[in-house]
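In: Sharing a model prediction with you, sequence too.
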There are 2 protein chains.
Amino acid sequence: MPLPTATLAALASPRRREILRLVWQRECSAGEIHAAMPDVTFGAISLQLKSLTGAGLVECRRAKQFRYYRARRDALAPVAAALEHMWNDALWNLKLAAELEESRRGPRPQRRRRGKRKD
Amino acid sequence: MPLPTATLAALASPRRREILRLVWQRECSAGEIHAAMPDVTFGAISLQLKSLTGAGLVECRRAKQFRYYRARRDALAPVAAALEHMWNDALWNLKLAAELEESRRGPRPQRRRRGKRKD
DNA sequence: CGCGTAATTTAGATGAAACTAAAATACAAA
DNA sequence: TTTGTATTTTAGTTTCATCTAAATTACGCG
């Protein structure tokens, strides 16, 4: 499972993480979210909510004239899984490297390209 | 353990992830990395390597006239752990609040205020 | 030293992201 | 229907990231 670009890009913004924090435990209307961030306009919040929704990190429920947003926590699972897979792979490689160093006498298989690359 | 903005931003770029993948298992010189990505110039690769190094995701070793880069795989552990903890950690709010406050006081606090909003 | 290779850095162009103000849309109630 | 509230969307601006091309630094070797 590759790292999902859209999710990472959405998470890379502190502003969007702040919104995600607000709707993490319980749903909030767009107005409530904006009320918690008075330093930007309502329109800016709406655009960020659109971005977060597009990335699949939040979902929206309509009731009356309100729109209630809440985090889709399960959307973080692929990212966490991919990162952990890389991390586990790192541990595996470190152990393998130690084992190889202990008994290094055979030719190394992956070290082909050494000489000229372009002409 | 806040979500590190720099690391997420570095990971959010497919180009940088491709570089990271190349230097994940074994170190590569900057020239080798560029040879694997012929669609951009050497300078662009060097800038991305600088970005990755600044985010702590790769490290550099100098030998002769070469610079060998390799992934700092342990740098992914904090991100994976932070994402993992977001599921059930009720204290995430406090952590993110501290992170945002620091970010607002940091070297790049916020945009220049141009227009005035309604009062 | 001077030359060639490896890589970084600079300056400038381009496009995307994020914001604002204002207009547009959606819906409830009078 | 009209009015008011809630929210989105549009148009324009600013900021930021990324790229190219060229200049520059660093280093090894004759």
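Out: That came through, no problem. Numbering: from 1, shown residues only, chains lettered A, B, ... in the order given.

In: Below-threshold pLDDT in chain A: ranges please.
Out: Chain A contains residues with pLDDT under 70 at A:1, A:89-119.

In: quick one, helices of it?
Out: Applying DSSP state H to chain A gives helices spanning A:5-11, A:14-25, A:30-35, A:42-54, A:77-102.

In: With distance to B:Leu3 and mean neighbour count added, can I get those in JSON lines?
Out: No exception for glycine: its C-beta is placed from N, CA and C like everyone else's. Listed next are these as JSON lines, based on distance: least, CB to CB, whole Å; neighbours: other CB atoms under 10 Å in any protein chain shown:
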{"stretch": "helix A:5-11", "distance to B:Leu3": "7", "mean neighbour count": "20"}
{"stretch": "helix A:14-25", "distance to B:Leu3": "6", "mean neighbour count": "21"}
{"stretch": "helix A:30-35", "distance to B:Leu3": "19", "mean neighbour count": "16"}
{"stretch": "helix A:42-54", "distance to B:Leu3": "15", "mean neighbour count": "16"}
{"stretch": "helix A:77-102", "distance to B:Leu3": "11", "mean neighbour count": "14"}
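
In: Let me know which of those is the nearest to DNA strand C.
Out: helix A:42-54 (3.2 Å; CB to the nearest atom of the strand).

In: That closest one close to chain B?
Out: No - if you take CB under 8 Å from any CB of the partner chain as the test, helix A:42-54 misses chain B, and the best it gets is 9.3 Å.

In: and the angle for that helix with helix A:14-25?
Out: Interaxial angle of helix A:42-54 relative to helix A:14-25 (axes from the mean of the first three to the mean of the last three CA atoms, to 10 degrees): 70 degrees.

In: Next, format the helices of chain A as JSON lines and append distance to DNA strand C.
Out: Shown next, in JSON lines, are the helices of chain A (distance: least, CB to the nearest atom of the strand, whole Å):
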{"stretch": "helix A:5-11", "distance to DNA strand C": "7"}
{"stretch": "helix A:14-25", "distance to DNA strand C": "4"}
{"stretch": "helix A:30-35", "distance to DNA strand C": "10"}
{"stretch": "helix A:42-54", "distance to DNA strand C": "3"}
{"stretch": "helix A:77-102", "distance to DNA strand C": "17"}
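
In: so which of the ones you listed gets nearest B:Glu84?
Out: When those are compared by CB to CB, helix A:77-102 sits nearest B:Glu84, at 5.3 Å.

In: Tell me which of the helices of chain A lies nearest to B:Leu8.
Out: Going by CB to CB, the one of the helices of chain A nearest B:Leu8 is helix A:5-11, 5.2 Å.

In: Restricting the selection to alpha carbons, write that closest one to CSV.
Out: C-alpha atoms of helix A:5-11 as CSV (Å, rounded to 0.1, in the frame of the first residue of the first chain):
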residue,chain,number,x,y,z
THR,A,5,-0.6,11.8,-1.5
ALA,A,6,-3.9,13.5,-0.9
THR,A,7,-4.1,12.4,2.7
LEU,A,8,-0.6,13.4,3.5
ALA,A,9,-1.0,16.8,1.8
ALA,A,10,-4.2,17.4,3.8
LEU,A,11,-2.4,16.5,7.0
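
In: How far off centre is it?
Out: 5 Å (CA atoms, centre = their mean, to the nearest Å).

In: Fine by me, we can end here.
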